[in-house]
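>>> Quick check, what structure comes out for this input:
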Amino acid sequence: MGYPIQVVFDCADPGRLAQFWAAALHYVVQAPPPGYATWADFLREMGVPEKQWTSRSAVVDPDGSGPRIFFQRVPEPKAAKNRLHLDVRAAGELAGAARQERLTEEVHRLSELGAGQIRSVDEMGERWIVMRDPEGNEFCVS
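Residues are numbered from 1 along each chain as shown. Prediction:
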């Protein structure tokens, strides 16, 4: 299956972030190519050195409608605010107390997965929560 768009995260631990974002977005860690029981089997056959096997990971939407998200290890740490971020659309078109309750539930769920809350924003009739993933990448819950 081809993906028309892919979002790429530079990170220190691709496997850890893949697990977090798979759970956060209700995605799955991408399975190895057909004919291979594990990624190790595939990478070994491709001649990839074992020390590089954990340098990349990806998550995909099990329905095939969302973008593929790819994680690649880089040597430098995150240094500044993201210029691009993901929005986790948890409350959809809910309003009032129902919206607030749904946002609170989702922030709690994501916090249990390892996210941290940065701040709550109320602006121009909209409300969202700014959070950070386990490596400090900002995202919003709305």
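>>> got the contact list for the lengthiest helix in the chain?
Ranked by number of residues, the top helix in the chain under DSSP state H is helix 96-113. For helix 96-113, contacts defined as CB atoms under 8 Å, 6 or more residues apart in numbering pick out 20, 23-24, 88, 90-91, 94, 117, 127-129, 131, 141-142. All C-beta atoms are positioned from the backbone trio N, CA, C, and that covers glycine.
>>> Buried residues of that helix, list them for me.
Using 16 or more other CB atoms under 10 Å as the test for burial, helix 96-113 gives 99, 103, 106-107, 110.
>>> before we move on, what about stretch 24-34?
Going by neighbour count (16+ other CB under 10 Å), the buried part of stretch 24-34 is 24-25, 27, 30.
>>> List of residues touching that stretch?
With CB under 8 Å, 6+ apart as the test, stretch 24-34 has contacts from 18-19, 21-22, 38-39, 41-42, 57-62, 66, 68-69, 86, 88, 110, 113, 115, 133.
>>> which residues in this structure form strands?
Along the chain, the segments classed as strands by DSSP state E run 6-11, 28-29, 56-60, 68-73, 86-88, 116-123, 126-132, 138-141.
>>> in the chain, which segments are predicted with low confidence?
Low-confidence segments of the chain (pLDDT under 70): 1-2.
>>> Give me the most central residue, it.
Note on the chain: the residue nearest the mean C-alpha position is residue 21, at 2.8 Å, using CA atoms, centre = their mean.
>>> Which residues are in contact with it?
Taking CB under 8 Å, 6+ apart, one finds 9, 27, 59, 69, 71, 133 in contact with residue 21.
>>> Run a quick neighbour tally on the third one.
What that stands for is residue 59. Residue crowding around residue 59 was assessed by other CB atoms under 10 Å; the count is 25.
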